[in-house]
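A.B. asks: sequence and predicted model, in that order:
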Amino acid sequence: MDINFNKNEDHNKLLISELKKRFAYVKLGGGKKSIEKQHAKGKLTARERIDYLLDPKKPVIEIAAFAGDDMYEEHGGCPSAGVVVKMGYVKGKQCLVVANDATVKAGAWFPITAKKNLRAQEIAIENRLPIIYLVDSAGVYLPLQDEIFPDKEHFGRIFRNNAIMSSMGITQIAAVMGSCVAGGAYLPIMSDEALIVDKTGSIFLAGSYLVKAAIGETIDNETLGGATTHCEISGVTDYKAKDDKDALDKIKNIVDKIGDFDKAGFNRADAKKPKENQEDIYGIIPKSRADQYDMYEIIKRLVDNSEFEEYKADYGKSIITCYARIDGWAVGIVANQRKLVKTAKGEMQFGGVIYNDSADKSTRFIANCNQKKIPLVFLQDVTGFMVGSKSEHGGIIKDGAKMVNAVSNSVVPKFTIILGNSYGAGNYAMCGKAYDPRLIVAWPSAELAVMSGNSAAKVLLQIEKASLKKKGEEITQEKEDALFKKIKDRYDKQVSPYYAASRIWTDAIIDPLDTRKWISMGIEAANHAPIEKPFNMGILQV
């Protein structure tokens, strides 16, 4: 075995080990003591509730597990944004489940919590997927209310989406399993059906203390808005449950009766595993983001039978376009080739760079996939578009614009996997988050930024040096080296996949061996949403 393969394998397995370690930490939510307090109240944790609700031995994926990672430290942190979101199966039906984690600040909503909830609703809307809310929240986290309350993509958008989903016929079920206060009280009541757990669940616009202060009425919270009140007097909720498991069992029974859905009709055959060993991926992906490798070898380890049909194989070689199957689903793959390639004219093209011909090829291929109703998978390891007089004179901006246009107007579902680099306009052309991929995930080897840490640090160093010289400071080599390291360390933190995942620029950081599962479940979800408009690229310079 190649020595570089072994070094790469060791490095990438260490990254997987770090991923598992960090995931184990966020799974604890507010910590073991907070979990014990939850149990002492007779309540399950958010993750325990979801695990009980979802069908065992069926695939499941978690959305934005690292949301809030290394954020809000001055407020005590917000692991997983204080809410757990998973896509799985309830009674055989694919669903999205959103559960407030009451071990994190009593389930209070931080700004990133709102963003994560909105992302969950976006996935449900795009895929016409049933969504289940397990509510246990103290409402808005008041010290940060100005960052969560009034804007378009803030807390109130949740309830607007409830109404929109209802009008679209998307099933919404809510179980109040703890606190549900103030504006948050609208979420379960704007769902199709609402359940409440006796003695632990409560719903009210204002709690007993605020009621006393506002109108002078003395009343306890249970009488004000408990299960008996809302199931027997107000009629606000539809079902009373004796405990968490009873509520979850009732949800299972409701979901079990939901009728079949209209299908988009994406092509699926019998699933077959790749012939090539998938674990070889660890040895193929290089330790250094600057090193090259053959993307064909990655594709062989992701697609069924390791077989694919390449489109325009000898043209625009810096991007690979091909038809294949993943877990039986037909897909069109657009992937950055990461090794130096030679064109028919004898010219060399750098790996990971998008050239005129590769942009042109990709545009045509994306249009073909839309024409044939084939979902698109983007494998990103891109440094950007080619620069220089030759590319500019050849119209690289026009060719790049065509590719961005095709990605933007694509009507088939898109899925983006960031393997390595995701820099600059390359991120956009290869279907970054701004271009509405149904799911976008990163491998632990990924980096997302305008440019690499090394390049950015060099640019920023020159700016910093010029500023210091204007102030009359002398820049020694030692001081320059220290300044460079400081700038690069700061920038490197920002290009980390965890930095991106904490802000939900990606939906997850995943083990490469889980890639097929994410794509397969994503296409299955997308199959719930028939395509309603034709592919049209509008005005396009050809």
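C.D. replies: Now that the structure is in, tell me what you want to look at.
A.B. asks: surely V211 meets I219?
C.D. replies: Yes - between V211 and I219 there is a contact at 6.2 Å, judged by Cβ atoms under 8 Å. Where you see a C-beta, it was placed from the backbone N, CA and C, and this is true even at glycine.
A.B. asks: among these two, which residue is more densely surrounded?
C.D. replies: Neighbours were tallied for V211 and for I219 using other Cβ atoms under 10 Å; the higher tally belongs to V211 (17 against 13).
A.B. asks: once you drop chain neighbours, what's closest to the more buried one?
C.D. replies: Leaving aside its sequence neighbours, V211 sits nearest to E217 (Cβ to Cβ, 6 or more residues apart in numbering; 5.2 Å).
A.B. asks: residues near D2, how many?
C.D. replies: 9.
A.B. asks: element containing the closest residue to it other than its chain neighbours, please.
C.D. replies: Distances taken as Cβ to Cβ, 6+ apart put G283 closest to D2, at 7.8 Å, once the chain neighbours are dropped. In the assignment (DSSP states H and E), G283 maps to helix 281-284.
A.B. asks: then L419?
C.D. replies: Assessed by DSSP H and E, L419 sits inside strand 414-423.
A.B. asks: gap between that strand and the chain center?
C.D. replies: 12 Å (Cα atoms, centre = their mean, to the nearest Å).
A.B. asks: can you list the strands that that strand pairs with?
C.D. replies: Note on strand 414-423: by DSSP bridges, its sheet partners are strand 376-382 (parallel), strand 439-442 (parallel), strand 447-449 (parallel).
A.B. asks: tell me the most buried of the ones you listed?
C.D. replies: strand 376-382 (a mean of 27; mean count of other Cβ atoms under 10 Å).
A.B. asks: what sits up against that one?
C.D. replies: Residues outside strand 376-382 that contact it (Cβ atoms under 8 Å, 6 or more residues apart in numbering) are 295, 298-299, 302, 326, 331-336, 338, 352-354, 366, 369, 410, 412-423, 426-427, 429-432, 437, 446, 519.
A.B. asks: narrow the residues you listed to those in helices?
C.D. replies: 295, 298-299, 366, 369, 426-427, 429, 519 (DSSP state H).
A.B. asks: tell me the one of these nearest K345?
C.D. replies: Nearest to K345 among those, counting by Cβ to Cβ, is M295 at 21.7 Å.
A.B. asks: residue ranges with poor pLDDT in this protein?
C.D. replies: With pLDDT under 70 as the threshold, the chain has low-confidence stretches at 1, 183, 451-457, 540-542.
A.B. asks: let me have the strands paired with strand 414-423 in TSV, adding distance to F66 as columns.
C.D. replies: Compiled in TSV, the strands paired with strand 414-423 are given as follows (distance: least, Cβ to Cβ, whole Å):
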stretch	distance to F66
strand 376-382	19
strand 439-442	10
strand 447-449	13
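A.B. asks: can you tell which of these is closest to V90?
C.D. replies: Scanning these with Cβ to Cβ as the criterion, the closest one proves to be strand 439-442, at 19.5 Å.
A.B. asks: mind saving the C-alpha coords of the closest one as CSV?
C.D. replies: This file holds the C-alpha atoms of strand 439-442, laid out as CSV (Å, rounded to 0.1, in the frame of the first residue of the first chain):
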residue,chain,number,x,y,z
LEU,A,439,-29.4,18.8,2.0
ILE,A,440,-25.8,20.0,2.3
VAL,A,441,-23.2,18.2,4.4
ALA,A,442,-19.4,18.3,4.9
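A.B. asks: ok, and what's touching it?
C.D. replies: 123, 415-418, 422, 431-433, 448, 497, 500-501, 506-510, 515, 518-519, 522.
A.B. asks: now find how far off-centre that strand is within its chain.
C.D. replies: Here the centre of mass of C-alpha atoms in strand 439-442, compared against the chain's by Cα atoms, centre = their mean, lies 5 Å away.
A.B. asks: with stretch 70-77 instead?
C.D. replies: Centre-to-centre, stretch 70-77 and its host chain are 21 Å apart (Cα atoms, centre = their mean).
A.B. asks: do the same with stretch 395-413
C.D. replies: Put simply, stretch 395-413 sits 22 Å off its chain's centre (Cα atoms, centre = their mean).
A.B. asks: now do the helices in the stretch 51-200 of the chain.
C.D. replies: Counting by DSSP state H, counting those that start in this stretch, the segments of the stretch 51-200 of the chain that form helices are 111-127, 156-168, 186-189.
A.B. asks: in the longest one, which residues are buried?
C.D. replies: For helix 111-127, the buried set under the neighbour-count rule, 16 or more other Cβ atoms under 10 Å, comprises 111-121, 123-127.
A.B. asks: over to stretch 209-226?
C.D. replies: Judged by neighbour count using 16+ other Cβ under 10 Å, the buried positions of stretch 209-226 are 211, 221-222, 224-226.
A.B. asks: which two in these are spaced the farthest apart?
C.D. replies: When these are compared pair by pair using Cβ to Cβ, the two farthest from each other are V211 and G226, 14.1 Å apart.
A.B. asks: mind listing what G395 touches?
C.D. replies: With contacts defined as Cβ under 8 Å, 6+ apart, the neighbours of G395 are N356.
A.B. asks: need phi/psi at it.
C.D. replies: Geometry field for G395 lists phi and psi as phi 90, psi 40, criterion degrees, to the nearest 10.
A.B. asks: care to break this structure down by domain?
C.D. replies: Residue ranges for the domains of the chain, per the TED database: 1-28+264-446+506-541, 31-256, 452-495.
A.B. asks: just the ones in helices among the contacts of strand 376-382 now: which is nearest A102?
C.D. replies: Using Cβ to Cβ as the measure, the one of those that approaches A102 most closely is I519, at 33.1 Å.
A.B. asks: any figure for the gap between the closest residue to that closest one other than its chain neighbours and D136?
C.D. replies: For I519, ignoring the flanking residues on the chain, the nearest one in space by Cβ to Cβ, 6+ apart is I326 at 5.0 Å. I326 sits 36 Å away from D136, going by Cβ to Cβ, to the nearest Å.
A.B. asks: go on, E73?
C.D. replies: The separation that E73 has from D136, given Cβ to Cβ, amounts to 24 Å.
A.B. asks: more neighbours: which of these two?
C.D. replies: For E73 versus D136, neighbours defined as other Cβ under 10 Å are more numerous around D136 (29 against 8).
A.B. asks: doesn't V181 make contact with the more buried one?
C.D. replies: No - under the criterion of Cβ under 8 Å, D136 is not in contact with V181, lying 11.0 Å apart.
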